[in-house]
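Chemist: have a look at this prediction, sequence included:
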Amino acid sequence: MQIGHITLKNQLISAPMAGVSDKPFRELCIQFGAALAVSEMLSSNPEVWRTPKSKHRLIHDDFGIRSVQIAGACPNEMAIAAQVNRSLGAEIIDINMGCPAKKVNKKLAGSALLQYPRLVENILSSVVKAVDIPVTLKIRTGWDPLNKNCVEIAKIAENAGIQAIAVHGRTKTCLFNGNAEYDSIKRVKEAVSIPVIANGDINSAQKAKEVLAFTGADAIMIGRAAQGKPWLFQEILHYLETGEQLAPKTLSDIKPIVFSHIKKIHQFYGEEKGFRIARKHVAWYLADYSPDDLFRRSFNTLDSAQAQLEALEVFFENH
């Protein structure tokens, strides 16, 4: 698959997820076969760029293709944000028009923009003109089930010079409820000639193949299903290439993965913040292996990185 002049090695992309798609997580997804791991959303507001959170979100990856997602509602600010990230090493700029979060939408960013096609056009054109690297777009199918305008937005994007578009198969008001609908993604694929990326509820190798076949999409984007299961990319890739399913990973299989990831989180964020960030990842990793939440609850009371590593060692020894 091509995104402008950039060639992806396969059809699998790791979705940008706020609070999840940090450098340690992106690196893990690339390690397990994702062709591209998009950074978590970065505000286009320059006033927040110097905050600790934004500094961690600025991309400094030494692996894979560096794709940075930006969000905002001002065409000029978005253009400047794209230029800043380009100067920091971004190879792709991704524009967020799919986030359904209230705090994002109340600023007219994220999926709220789908209600204003003219503003969408202005933002996309401004960003495309501002940088000399490919610009991509992530959207939902529309604002609500009665106002699905993803085909219109996709055509605007193509005309503005967007190089690929990812479509989550839900409207803004649907949030993450119900099932993703792929009919709209199929219609987008039929309406434009730029690459289309299908997103939403792709949580298994079989589902990935079915979605690709039904929508005709050029690639798929995996989000929540990879939380605590980054090897999902490996499973999907193997199934698409061979038609065979890999055996499920055992606890002993995931132990080195968990330890490596948690140590990188501690290192990336530092002692004070790292152990807090690590908690949710450990809960995701162990959800299928330890259904009761006794360990999770005790793990969440630990207040140091070393205590977390020691507790994990005991857990894996006893299971």
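Modeler: Perfect, thanks for sending it. From a predicted model like this one, the values you see are computed outputs, not experimental measurements. Numbers count the residues shown, from 1 in each chain.
Chemist: can you list the domains in the chain?
Modeler: Using automatic domain parsing, the domain ranges for the chain come out as 2-242, 251-318.
Chemist: turn the ones you listed into a markdown table, including mean neighbour count.
Modeler: Quick note: C-beta positions are derived from backbone N, CA and C, even for glycine. Converted to a markdown table, those look like this (neighbours: other C-beta atoms under 10 Å):
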| stretch | mean neighbour count |
| --- | --- |
| domain 2-242 | 20 |
| domain 251-318 | 16 |
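Chemist: can I get these in a markdown table with mean pLDDT?
Modeler: Output for the domains of the chain, formatted as a markdown table (pLDDT from 0 to 100):
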| stretch | mean pLDDT |
| --- | --- |
| domain 2-242 | 92 |
| domain 251-318 | 93 |
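Chemist: touching stretch 245-265 from outside, list them.
Modeler: Residues from elsewhere that reach stretch 245-265 (C-beta atoms under 8 Å, 6 or more residues apart in numbering): 22-25, 27-28, 205-206, 230-231, 234-235, 238-239, 274, 277-278, 281-282, 285, 289, 308-309, 312, 316, 319.
Chemist: equivalent analysis for stretch 219-227, please.
Modeler: Contacts for stretch 219-227 (C-beta under 8 Å, 6+ apart): 1, 8, 11-15, 17, 20, 29, 34-35, 138, 166, 176, 195, 197-199, 201-204, 208, 211-212, 232-233, 236, 281, 284.
Chemist: starting at the chain centroid, how far to it?
Modeler: In terms of C-alpha atoms, centre = their mean, to the nearest Å, the centre of stretch 219-227 is set 7 Å apart from its chain centre.
Chemist: and stretch 280-290, by the same measure?
Modeler: Worked out by C-alpha atoms, centre = their mean, stretch 280-290 lies 19 Å from the chain centre.
Chemist: what sits against residue 202?
Modeler: Here residue 202 is in contact with 208, 211, 220, 221, 222, 225 (C-beta under 8 Å, 6+ apart).
Chemist: dump those to a markdown table, plus distance to residue 243 and secondary structure.
Modeler: Converted to a markdown table, these look like this (distance: C-beta to C-beta, whole Å; DSSP: H, G, I helix; E, B strand; the rest coil):
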| residue | distance to residue 243 | secondary structure |
| --- | --- | --- |
| 208 | 13 | helix |
| 211 | 16 | helix |
| 220 | 17 | strand |
| 221 | 22 | strand |
| 222 | 20 | strand |
| 225 | 21 | helix |
